[in-house]
Structure formats: C-alpha cells, structure tokens
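In: Below is the sequence, then the predicted model.
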Amino acid sequence: MSDFLTVLLLTALPAAANFGGGLLAEVVPPSDRVLRLALHAAAGIIIGVVGIELMEQVLGVGQPWIPILALVAGGAVAVGLDAAVEYVQGRFGGGATDASVWMIYLGVSVDLFSDGVLIGAGSTISLGLGLLLALGQVPADVPEGFATIATFRRAGIPRRRRVLLAASLAVPIVLGATVSYWAVRDLREIYKVSLLALTAGVLLTVAVEEMVTQAHQTEDSRWDSLALVGGFALFALVAAYFG
C-alpha cells in the first residue's frame with residue numbers, strides 16, 4: 001500500500017504541471033496567436049507520445065497486428081465520442097464549435113489517463129522508473145493545460161467553472177495510475193500493449209482532427225508549424241533523457 005501511495009504522489013507532478021498551464025491561461029490574454037501556438041505544441045506532444053513511446057510498445061510485441069487493430073479501434077472510439085458530443089451539444093445547446101472545445105478537453109483527459117497508466121505500470125517495475133516517467137511528463141502537460149483552459153476561456157465559460165475544469169484534469173491521471181498499478185500489471189503483455197494502442201488511437205485522432213483543426217479556425221502563421229514540430233521535439237528530448 002505504501003508503494004501505491006508513492007505512485008499517487010508521482011502522479012501529482014504532471015497533474016500539477018497541467019493545472020499550472022491552466023492557471024497560466026488565466027493570466028496570459030487568450031489571443032489567437034497564443035492559442036494557436038499552444039494547440040499546435042500540445043498536438044505535437046501528443047503525436048510524440050504516440051509515435052515515439054506508444055508505438056514502440058506496439059511494434060515490440062509478438063503479435064503486433066492485435067494492438068494495431070486496437071489502434072484503429074481507438075480512432076473509431078474518438079470519432080464516436082466526437083459524434084456523441086456534437087449530438088448532445090446540438091440537442092441541449094451549443095454547436096459544432098462547442099463540441100470541438102469539449103473534444104479537446106476529452107483528448108487531454110485521455111492523454112493524462114495514458115500518463116497515469118505509464119506511471120503506474122512503470123512503478124510496478126521500480127519506483128525509480130515511475131519517478132522518471134512522471135518527471136518526463138511534466139514539460140508535456142503544461143501546454144496541454146494552457147490550451148485546454150485558454151480554449152474554454154475563449155468559449156466564454158465562466159472563470160470559476162474553468163478553474164474547476166482545470167482541477168478536474170487531475171482525476172484521469174490518478175485513475176490511469178490506479179488502474180494500471182492494481183489491474184493492468186497482472187495482465188499479459190499483449191493486453192497491456194493493446195490498451196495503450198487503443199489509447200494511442202484516441203489521442204492521435206483528437207490531436208489531428210480536433211486540436212489542429214481548432215487552431216486553424218483563425219489566421220494561420222508560419223510559427224504554428226514550428227510549434228507543432230517543437231512540441232514533438234520536446235517530447236523526443238524527454239523520451240531520450242528520461243525514458
């Protein structure tokens with residue numbers, strides 16, 4: 001039980017980074033340029049998580065076609081969630097733009113859940129590895145928190161609700177760490193990797209179809225592409241020096 005409490009403490013590191021990014025969005029004016037850069041950087045980081053970290057696990061198993069199918073299924077899940085959010089927003093108020101805003105929140109939640117899975121699973125090997133994984137997620141979560149809350153701010157959601165939403169993003173990372181520590185560690189490797197691949201499919205779809213699309217709703221800039229590549233490179237550095 002003491003090891004599990006340590007795991008929960010480790011999840012506080014990326015959760016605090018994400019919340020700090022959200023608070024930063026309350027201070028920095030949510031201009032089109034800042035929001036575009038943050039969304040592109042967050043999308044680049046998510047693509048880095050999928051391409052560098054998760055796909056390495058997928059291609060390293062004995063039957064890679066199984067988690068690859070799970071990857072496609074994750075994309076289908078993201079599309080279904082997008083359609084469900086649009087339906088609810090259209091039925092009870094709001095439109096496609098509001099749905100896109102909530103899909104960004106959902107995508108960051110899924111990314112944080114995957115962070116928790118990585119921290120929890122790594123901690124079952126050694127607490128030192130869990131600590132390195134937690135530290136490695138910190139720089140990746142700041143722009144995600146910023147982009148999420150800045151998007152909500154631009155959508156006109158009240159500040160009190162925005163702060164609560166920023167704090168609520170701690171839930172998926174704690175949940176992911178709890179699930180992986182107590183349950184996923186006892187599964188065969190193929191099931192663990194397939195779960196990661198399913199998550200990767202959701203993340204990849206949300207990053208490309210929601211975050212980048214939302215960013216391009218305003219006038220484009222040459223710096224946007226650099227922010228995307230920079231986000232990818234940032235996670236590459238984290239994976240190289242902390243992985």
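Out: Yep, it's here. Numbers count the residues shown, from 1 in each chain.
In: quick one: contacts for the residue nearest to Leu118 when sequence neighbours are not counted?
Out: For Leu118, ignoring the flanking residues on the chain, the nearest one in space by CB to CB, 6 or more residues apart in numbering is Leu133 at 5.1 Å. Every residue, glycine included, has its C-beta placed from N, CA and C. Applying CB atoms under 8 Å, 6 or more residues apart in numbering to Leu133 gives the contacts 10, 118-119, 122, 242.
In: Tell me where the chain has helices.
Out: Using DSSP state H, the helices of the chain run over 2-27, 32-48, 55-59, 65-92, 96-125, 127-154, 159-168, 170-182, 189-206, 212-215, 222-242.
In: hmm, back to that, right, and out of the contacts of Leu133, which lies closest to Gly44?
Out: Phe242 (17.6 Å; CB to CB).
In: before we move on, the earlier item: looking at neighbours, which among the contacts of Leu133 is most surrounded?
Out: Ile119 (29 neighbours; other CB atoms under 10 Å).
In: wait, isn't it in contact with Leu135?
Out: No. The pair Ile119 / Leu135 is not scored as a contact, 10.0 Å apart, by CB atoms under 8 Å.
In: Just send the helices of the chain back as CSV, with mean pLDDT too.
Out: Formatted as CSV, the helices of the chain follow (pLDDT from 0 to 100):
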stretch, mean pLDDT
helix 2-27, 90
helix 32-48, 82
helix 55-59, 86
helix 65-92, 82
helix 96-125, 77
helix 127-154, 81
helix 159-168, 90
helix 170-182, 91
helix 189-206, 83
helix 212-215, 75
helix 222-242, 86
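In: count of neighbours near Leu5?
Out: 9.
In: any idea how far Ser126 is from Glu189?
Out: Relative to Glu189, Ser126 is positioned 17 Å away (CB to CB, to the nearest Å).
In: swap in Asp82?
Out: 31 Å.
In: Need the residue closest to the centroid of this structure.
Out: Nearest to the geometric centre of the chain sits Asp111, at 2.2 Å (CA atoms, centre = their mean).
In: mind checking how far that one is from Thr124?
Out: From Asp111 across to Thr124, the span is 21 Å (CB to CB).
In: cool, and Ser114?
Out: Taken as CB to CB, the span from Ser114 to Thr124 is 16 Å.
In: Same check on Leu39?
Out: For Leu39, the distance to Thr124 - CB to CB - is 34 Å.
In: More neighbours: which of the two?
Out: Neighbours around Leu39 and Thr124, counted as other CB under 10 Å, are more numerous at Leu39. The numbers are 31 against 17.
In: That's all I had, so thanks and see you.
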